[in-house]
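Asker: I need the structure of the sequence given here:
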Amino acid sequence: MRKLLTFIALTATVLSSAAFAAEKKWIPADRAVACAEAQDKALCAQLLDMVDRDQFARYAEINDPDNDERDKEVDRVDDENIVELEEIIAKHGWPGKSLVGMKASGAVWTVLQHSEHATLKKHLPLMMRAAEAGDVDGGLLATSVDRVRVGDGLPQVYGTQFHQVNGEWVPRPIEDEANVDARRQSVGLGPLAEYQALLRQMHARKAKE
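Answerer: The predicted model follows:
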């Protein structure tokens, strides 16, 4: 369930509430289109296969939240994906847009974000360099930075990590909270209050289904 909630929170980072309401399944990228300009088309397809497995498992869990087998499947997919991804990173470094295309490079972030804390923390410096090169969206990097800091017992920086307190979704402690919206804006994220409202709306909708 922890990984499912992480997935929903991440969805809020990049989707509007209307889009989330409309989508109940994962739609794989067209390989011919997504990999058209990639230098390594085979690696592009491999990474897209990994993110498809990741998202198919999570959407299945969203649609069947009381089935413990769905949660086990998410864990199994995450474990297999990170082994495969670390082999790719060891050979290529961060697979950037020029090497594998935009969608496949983004798949690297998705798989890492769903890895264990120690694994994500280990690769965070590489992700930061990839963001500087334009291969990772600033808002997605912010989510990973916050997740690592929260896992280390530190206050988050961008306010992307939430938890429930007395039934309400609230951000975990934020460093220098008075200026969090300025930091969010610097990485392309909207105001914290809007993000919080979206999360509450999404979870309220799920509770009614």
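
Asker: residues near residue 140, how many?
Answerer: Residue 140: 22 surrounding residues under other C-beta atoms under 10 Å. From N, CA and C alone the C-beta is placed, and that goes for glycine too.

Asker: Settle this for me: it is touching residue 109, isn't it.
Answerer: Yes. Shown here, residue 140 and residue 109 form a contact pair, counting by C-beta atoms under 8 Å, at 5.3 Å.

Asker: give me the low-pLDDT residue ranges for the chain?
Answerer: Using pLDDT under 70 as the threshold, the predicted model of the chain has low-confidence ranges 1-24, 205-209.

Asker: could you pull out the helices for it?
Answerer: 2-14, 17-22, 31-34, 41-63, 68-92, 97-100, 102-113, 117-132, 138-151, 180-186, 192-208 (DSSP state H).

Asker: got those as TSV, with distance to residue 173 columns?
Answerer: TSV is the format used below for these (distance: least, C-beta to C-beta, whole Å):
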stretch	distance to residue 173
helix 2-14	16
helix 17-22	26
helix 31-34	39
helix 41-63	27
helix 68-92	26
helix 97-100	35
helix 102-113	21
helix 117-132	17
helix 138-151	8
helix 180-186	11
helix 192-208	13
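
Asker: Show me the one of those that comes nearest residue 168.
Answerer: Of all those, it is helix 192-208 that lies closest to residue 168, at 7.5 Å by C-beta to C-beta.

Asker: Alpha carbons of that closest one, in CSV - could you do that?
Answerer: Once side chains and other backbone atoms are set aside, the C-alpha atoms of helix 192-208 remain, and they are given as CSV (Å, rounded to 0.1, in the frame of the first residue of the first chain):
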residue,chain,number,x,y,z
LEU,A,192,1.8,23.7,-2.3
ALA,A,193,-1.8,24.5,-1.4
GLU,A,194,-3.0,23.5,-4.9
TYR,A,195,-1.0,20.3,-4.8
GLN,A,196,-2.5,19.4,-1.4
ALA,A,197,-6.0,20.2,-2.6
LEU,A,198,-5.5,17.9,-5.7
LEU,A,199,-4.2,15.1,-3.5
ARG,A,200,-7.2,15.3,-1.2
GLN,A,201,-9.6,15.4,-4.2
MET,A,202,-8.0,12.3,-5.7
HIS,A,203,-8.1,10.3,-2.5
ALA,A,204,-11.7,11.4,-1.8
ARG,A,205,-12.6,10.2,-5.2
LYS,A,206,-11.0,6.9,-4.6
ALA,A,207,-12.7,6.5,-1.3
LYS,A,208,-16.1,6.8,-3.0
